[in-house]
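Peer 1: Sequence plus the predicted model coming up.
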Amino acid sequence: MNDLGNPISSFEKQMPRTWVWDDTRAFLAVARHGTLSGAASELNLGIATLSRRIERLEAAFNLPLFVRQQSGYQLTEEGAGLVEKAEALEAAAAAFTTGVSTYAQMTGKVRLATAENLATALILPALPEFHRQYPGITIELITDITTVSLHRRDADLALRMVKPERGNVTLRRLGTLGYGLYGHPSYLAQRDIHPDSGNFDQDTFITWSEMHAHLPAAQWVERVLQGREPVLTTTSVATQIAAAQAGIGLAVLPHFLAVKAGLICVASDLGVDQPIYLAIQSDLAQSRRTRAVADFLVDLVSRNHAQLSGDSR
C-alpha cells in the first residue's frame, strides 16, 4: 500500500528513489527517435545534457536501458519493458498540466484608475492584445480620477501622474509624461516671431479652468501671461487639443498627444513634465489577475517611453 492507502503498482515498485520526470521524457524521446540527435532536437536540449539524463536514469534503475550502437540507440529488453509504463506517466503528466492550466485561467474584474488621456491614447489601443492573453479578466476603467482614491479602495490599481500620499499602496515609477507648448500650423503661420524665440507676449493661450489652476501646465501659462487673460479655459486635455487644432492659440500639452494631433511644438523643456506612477493596493499586489494588469501596464509604458517623454519628436 502507498501513503494514500492504495495498492502499489508493479511499476511503482520498480521506480528508483532518485527518479526524475525529465529523465523519463529523455528516455521516451531516445526510444522513439533511436538517436540522441533526434531526441535532443525534439526536447530542445544539448546532446551532452540528454546523454547525462539517460545515464542518470540507468544508474537510478541500475539497469542498462539502451544498447549504444554506431547507428544509434537500441532498447534493451529491460528498456523496452519500461516504454509502456513511461508513456502512462507521460499521459498522466499531460493531463496534470492541462488541469493546472485550466485552473490557472484567470477570471474576474480589475478596477484600473487613470487619466482620460492615458486611457484613450495609450491603454485602450493595447487592450485587444491583453484580452487575447487573458480573456477571462474584465477591466473596469475609471477615468474620473479626481474622485478616485486607492485609500478608499475605489480602484485596485492606478496609473497616474500624482504620487499617492495616503493608503497602503505599492508604488513604482514607470516613466515620464513630457509636455511642450504647441500650436496649429495655421496659427503659427500668423505669428510674426520665430517659433523658437521664447517670446509669447503677442500670443493667445488655451489653458485650464480655475478649478485646475494647481496643475503644473496651468501654472506655467499663468507665469507667461503675467496678468493677461487666456483666450480660452477648459477642463480637459481633449478640448485643449481641439481648440489648438482650430487655431485658437497655444496650449501646454503632452507630447505624445499633441504630435498625434498634428500640432507643432514651439517650446519644450518647460519644467512641467510629470512622473508616471503605478500604484497598487498592497494587499492585492500578489493577486494574479491584478498582477497581470500591472505587468501589462509596466510593459506598455516601457514600450512607449520615447513617445510619452517626447524623445521621439
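Peer 2: Sure thing, it's come through.
Peer 1: State the distance from the residue of the chain most remote from its centre to residue 54.
Peer 2: The C-alpha centroid of the chain is most remote from residue 77, which lies 51.9 Å away (C-alpha atoms, centre = their mean). Distance of residue 77 to residue 54, computed by C-beta to C-beta, to the nearest Å: 17 Å. (Glycine included, C-beta is placed from N, CA and C.)
Peer 1: try residue 257
Peer 2: On the measure of C-beta to C-beta, residue 257 and residue 54 end up 60 Å apart.
Peer 1: Mind checking the pLDDT average for stretch 111-127?
Peer 2: Averaging pLDDT along stretch 111-127 gives 93.
Peer 1: ok, and for it, which residues are buried?
Peer 2: Buried residues in stretch 111-127, counted by 16 or more other C-beta atoms under 10 Å: 111-115, 117-123.
Peer 1: For the stretch 151-300 of the chain, which segments are assigned as helices?
Peer 2: Secondary structure of the stretch 151-300 of the chain (DSSP state H, counting those that start in this stretch): helices located at 185-188, 216-225, 237-245, 255-260, 288-303.
Peer 1: Among those, which comes closest to residue 60?
Peer 2: helix 288-303 (36.0 Å; C-beta to C-beta).
Peer 1: just checking, next helix/strand downstream of the closest one?
Peer 2: Using DSSP states H and E, the next helix or strand after helix 288-303 towards the C-terminus is helix 305-309.
Peer 1: Give me the helices and strands touching that next one, please.
Peer 2: strand 169-177, helix 255-260 (3 or more C-beta pairs under 8 Å, 6 or more residues apart in numbering; DSSP states H and E).
Peer 1: go again using 10 Å as the cut-off
Peer 2: strand 169-177, strand 250-254, helix 255-260, strand 274-281, helix 288-303 (3 or more C-beta pairs under 10 Å, 6 or more residues apart in numbering; DSSP states H and E).
Peer 1: chain center to that helix, what's the gap?
Peer 2: 16 Å (C-alpha atoms, centre = their mean, to the nearest Å).
Peer 1: what's next to that helix, contact-wise?
Peer 2: Helix 305-309 is contacted by residues 118, 121-122, 174-178, 254-257, 259-260, 273, 276, 300-302, 311-313 when judged by C-beta atoms under 10 Å, 6 or more residues apart in numbering.
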